[in-house]
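Peer 1: Attaching a predicted model along with its sequence, questions to come.
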Amino acid sequence: MTATDKVFAGSVPEIYDRLLVPLIFEPYATDLAGRIAAGKPHDVLETAAGTGVLTRALAARLSPDVRITATDLNQPMLDKATARQSDPRRVTWRQADALALPFPDRSFDVVACQFGVMFFPDKVQGYREARRVLRPDGTFWFAVWDEIATSEFADVVTETLAAMFPQDPPRFMARTPHGYCDTDLIRKQLNEAGFSNVSIEAIDHRSKAPSPREPAVAYCQGTPLRNEIEARDKSRVEEATDKAAAAIASRFGTGAVDGRIRALVISAGR
């Protein structure tokens, strides 16, 4: 992971929330919120909450008396999340580093992190912090993307940009979002942090958009992939987006498009 992999700023949070969230994140947010709600927690902490897709799903599924605290390292993402919150009393938002959580030991029944641990520079430390703030019998729930070949739009965009910049391919999607999917390593690092009863399940969903343009913009302009394109040639962001859209259209059609996505949903007991 490079330093720019964690930069969600400028126009990225708005495009991310408007296009990428419904494209790939909402199905998993609904799924994960249901799993968490089944345990009937009283206090839930979300780390790496982004623009709040899982937070909103949790608020919709959990009873009104459940305390939800949502954190993220990136203030621009939290700003977008809080702007979308309909009831300011439902969720407490706080900027925080998942590797150094500003909460007392044993404060929460559940810690949840949807597609955030891939960005942790020290996975074991992030897991240790999640375990520290969990109560006895608490559960850590999180999701990571499987290898990039199992998420078809992301794979097509990555290969298209590799052809566009053959001397220095932008590999953000493969390197970071889809770069932490070794189940043996995940289990080993969770055990090293003190967790037990680790369960890992591969879940497929469909990624749908009204046209090839939407996923192209979502990936090329709504993620840190944009930072990589601009680092190579700032004037070519629109060209990269157009080429990605053409590649998606070539494979999936020029109308509404539908591609596979796959994630690993993980639970670990304290």
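Peer 2: Yep, it's here. Residues are numbered from 1 along each chain as shown.
Peer 1: How far away from the center of its chain is the strand or helix carrying residue 230?
Peer 2: Assigned by DSSP states H and E, residue 230 falls within helix 225-232. Computed by Cα atoms, centre = their mean, to the nearest Å, the chain-centroid distance of helix 225-232 equals 20 Å.
Peer 1: Quick one: name whatever helix or strand follows that helix.
Peer 2: helix 237-252.
Peer 1: Just checking: what are the partner strands of the very next helix or strand once past that next one?
Peer 2: The C-terminal neighbour of helix 237-252 among helices and strands, as given by DSSP H and E, is strand 257-269. When pairs are called by DSSP bridges, strand 257-269 turns out to pair with strand 134-145 (antiparallel), strand 196-209 (antiparallel).
Peer 1: Output these in a markdown table; the columns should cover mean pLDDT.
Peer 2: Formatted as a markdown table, the strands paired with strand 257-269 follow (pLDDT from 0 to 100):
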| stretch | mean pLDDT |
| --- | --- |
| strand 134-145 | 97 |
| strand 196-209 | 96 |
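Peer 1: and the helix holding residue 230, what does it pack onto?
Peer 2: The contact analysis (3 or more Cβ pairs under 8 Å, 6 or more residues apart in numbering; DSSP states H and E) places helix 225-232 against helix 152-164, helix 172-175, helix 213-221, helix 237-252. (Each C-beta comes from the backbone N, C-alpha and C, glycine too.)
Peer 1: which one of the ones you listed is the most hemmed in?
Peer 2: When you average the neighbours per residue for each of those (mean count of other Cβ atoms under 10 Å), helix 213-221 leads with a mean of 25.
Peer 1: For residue 99, find the nearest of the strands paired with strand 257-269.
Peer 2: strand 134-145 (14.2 Å; Cβ to Cβ).
Peer 1: relative to helix 152-164, how tilted is that closest one?
Peer 2: 60 degrees (axes from the mean of the first three to the mean of the last three Cα atoms, to 10 degrees).
Peer 1: For the worst-scoring helix or strand of the chain on mean pLDDT, list every residue counted as buried.
Peer 2: Lowest mean confidence among the helices and strands of the chain (mean pLDDT, DSSP states H and E): helix 12-15, at a mean of 83. Across helix 12-15, burial judged by 16 or more other Cβ atoms under 10 Å covers 12-13, 15.
Peer 1: For residue 89, state which of these is nearest.
Peer 2: Using Cβ to Cβ, those come closest to residue 89 at residue 13, 23.7 Å.
Peer 1: Do I have it right that that closest one meets residue 83?
Peer 2: No: at 10.0 Å, residue 13 does not count as touching residue 83 under the criterion of Cβ atoms under 8 Å.
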